[in-house]
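> sequence and computational prediction follow.
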Amino acid sequence: MAPRLGERLKLEVEIIAKPRHEYQSIAYAELGMPKAPAIMFGGKTLVEGRDVEEQDIEQIIRHHLVQG
């Protein structure tokens, strides 16, 4: 999903995937990163700790692109 959105919106997409136990570790929590699954855009967390539909993600990203 993310690569398709990246192509369609002309954005660089970075996907970070780790085993579930790493996301639930104290070390991960200390990084200040959002709870997985998450979507970040420009250093801001847009969606965290839940699944979301592709069209919803696209709408959120487009909204943030307009806001600059």
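Alright, I've got the coordinates. Numbers count the residues shown, from 1 in each chain.
> can you give me the strands for the chain?
Using DSSP state E, the strands found in the chain span residues 38-41, 44-48.
> partner strands of the last one and their direction?
Based on DSSP bridges, the strands next to strand 44-48 in the sheet, each with its direction, are strand 38-41 (antiparallel).
> and the strand it pairs with, which residues are buried?
Neighbour-count burial for strand 38-41, counted by 16 or more other CB atoms under 10 Å, picks out Ala38, Ile39. (C-beta placed from N, C-alpha, C; glycine too.)
> ok, back up a step: take the strands of the chain and lay them out in a markdown table including mean pLDDT and distance to Leu11.
Below are the strands of the chain laid out as a markdown table (pLDDT from 0 to 100; distance: least, CB to CB, whole Å):
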| stretch | mean pLDDT | distance to Leu11 |
| --- | --- | --- |
| strand 38-41 | 86 | 8 |
| strand 44-48 | 88 | 13 |
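> for those, which one sits closest to Met1?
strand 38-41 (10.0 Å; CB to CB).
> export the helix ranked longest in the chain as CSV, just CAs?
Counting residues, the longest helix found in the chain (DSSP state H) is helix 54-67. These are the backbone C-alpha positions of helix 54-67, laid out as CSV (Å, rounded to 0.1, in the frame of the first residue of the first chain):
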residue,chain,number,x,y,z
GLU,A,54,-5.5,3.1,2.0
GLN,A,55,-8.0,5.8,0.9
ASP,A,56,-8.0,7.3,4.4
ILE,A,57,-4.2,7.4,4.5
GLU,A,58,-4.2,9.1,1.1
GLN,A,59,-6.7,11.7,2.3
ILE,A,60,-4.7,12.4,5.5
ILE,A,61,-1.4,12.8,3.5
ARG,A,62,-3.1,15.1,0.9
HIS,A,63,-4.5,17.2,3.8
HIS,A,64,-1.0,17.6,5.3
LEU,A,65,0.6,18.4,1.9
VAL,A,66,-1.9,21.2,1.4
GLN,A,67,-1.2,22.6,4.9
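> which elements pack onto it?
Using 3 or more CB pairs under 8 Å, 6 or more residues apart in numbering; DSSP states H and E, the elements in contact with helix 54-67 are helix 2-9, strand 38-41, strand 44-48.
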